[in-house]
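Q: Next come a sequence and a model predicted from it.
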Amino acid sequence: MAKDLQGAALRWLAEEGRPARLRVDGAWTLQVGKPDLEAIWYGQRQVPDQVVVEVAVSAWDSSLLALLRRLQRLAAARQVELRWQGLPEGVERLLQMAASPSTQPQARRALQLGPVARLGLLLLVALASVSRACRFLGELVLALGRQAAGRGRMRTGDFWLALQQCGPGALPIVALIAMLVGLILAFVGAAQLQVFGAQLYIANMVAIGMTREMGALMTAVIMAGRTGAAYAAELGSMQANEEIDALQTFGFPPLEFLVLPRLLALLVAMPLLCAFADGLGILGGFVIGAGLFDISAAQYLNQSLEMLSLADFLLGIFKSLVFAVLIGLIGCRYGLASGRNAQAVGQATTRAVVSIIVALVVSDALITLVCTRLGI
């Protein structure tokens, strides 16, 4: 039985007194047609326990290796022993490599560590992360010192561009959210104050809530999703495109050219946005007070001014400065530490936003606790 298609041949040879032979000859390359191995193998009515495979090919490539591997699987299914004869140089070694068991399961078993070892690895990873963060902060403080001394290399145009993006560009969304937060605070508080006939104190609650807490916090959350994510994505894309490596190669410090303008722009924009959010939040509370409880504008304004103090307003501004530092540092840090592909940039952006929001909530709680203990 034989089958020959465009130079590739595979056939059984049967001679009395000699073991069964399967001859492979012709040109076994990708460009030529191949015989049907299964049809030839199963076409043999009875395959002996031992088969000699004679290889006498004129040209070969990976097609020959694939044929021999399929022969091995067919022989193993029928428990037939194969003996090779005339294999080209290198093919036998390739067959041995293909048939050798994978070492990956053994490597996985070797990496199965105990709980103490896993805890130690986690501590090492945490310490390495803290070390990188401290180095980043130290380099940034040095860059700020050089800038303050007039020896910095930050470009003024980069600062004004970053300020425009995180300042005026954020006004619409900050205005919308601040107004809605003021409406919600007034409406929720009015439902409780109405029981005591003290609707006028809606103004007190909204003014204190917006200036001390919600104005700064909601503005920071908005800026985390808007500006912090943008910083991480921009710097991550630059890292993926090797633009940051190019800056370092030409002697331009990335922190002074990329991080410092963004951080300073946030420090300028966040207090202004916080004050803007405070005013709109109080206005939102007035809409509820005037629309549902007939509180006049004069009464609402007088009550708000009577309740507020300079310390409350400055506390909100101080929080906004702390939040600006956190947003700028975390967003830029994750961007600079991003990998060099699109997936890594997306992961860096996601981690930056999550980390910023967690840092905002934790820092706000700590500042509020300290101020409460100090009586501020």
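A: That came through fine.

Q: Now tell me which helix or strand of this structure has the poorest mean pLDDT.
A: When the helices and strands of the chain are scored by mean pLDDT, DSSP states H and E, strand 2-5 comes last with a mean of 42.

Q: could you point out which element follows it?
A: From strand 2-5 onward toward the C-terminus, using DSSP states H and E, the following helix or strand is strand 8-13.

Q: what's next to that following strand, contact-wise?
A: With contacts defined as C-beta atoms under 8 Å, 6 or more residues apart in numbering, strand 8-13 is touched by 1-3, 20-28, 32-35, 37, 40, 44, 54, 63, 67. C-betas here are computed from N, CA, C, even on glycine.

Q: How about stretch 73-91?
A: 19, 37-38, 41, 47-57, 60, 64-65, 68, 71-72, 92, 95.

Q: How about stretch 22-33?
A: Under C-beta under 8 Å, 6+ apart, the answer for stretch 22-33 is 4-13, 34, 51-64, 67, 71.

Q: my guess is residue 51 is in a helix, correct?
A: No - Residue 51 sits outside any helix when classified using DSSP: H, G, I helix; E, B strand; the rest coil, being strand.

Q: quick one: it from residue 77, how far?
A: From residue 51 across to residue 77, the span is 13 Å (C-beta to C-beta, to the nearest Å).

Q: if you count what's nearby, which of those two comes out ahead?
A: With neighbours defined as other C-beta atoms under 10 Å, residue 51 and residue 77 compare such that residue 51 has more, 20 against 9.

Q: beta partners of the more buried one?
A: residue 20, residue 82 (DSSP bridges).

Q: dump the residue contacts of it.
A: If you count contacts by C-beta under 8 Å, 6+ apart, then residue 51 has 19, 20, 21, 22, 75, 80, 81, 82, 83 around it.

Q: Kindly indicate the member of those with the most neighbours.
A: residue 22 leads the contacts of residue 51 on contacts (other C-beta under 10 Å) with 21 neighbours.

Q: CA-only coordinates of the helix or strand that contains that residue in CSV, if you can.
A: Counting by DSSP H and E, the element that carries residue 22 is strand 20-28. The C-alpha trace of strand 20-28 is given here as CSV (Å, rounded to 0.1, in the frame of the first residue of the first chain):
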residue,chain,number,x,y,z
ALA,A,20,7.5,-4.7,9.3
ARG,A,21,8.8,-1.5,7.8
LEU,A,22,7.2,1.9,7.2
ARG,A,23,9.2,3.9,4.6
VAL,A,24,9.1,7.7,4.6
ASP,A,25,10.7,9.3,1.5
GLY,A,26,10.4,12.1,-0.9
ALA,A,27,10.3,15.8,0.0
TRP,A,28,8.5,16.5,3.4
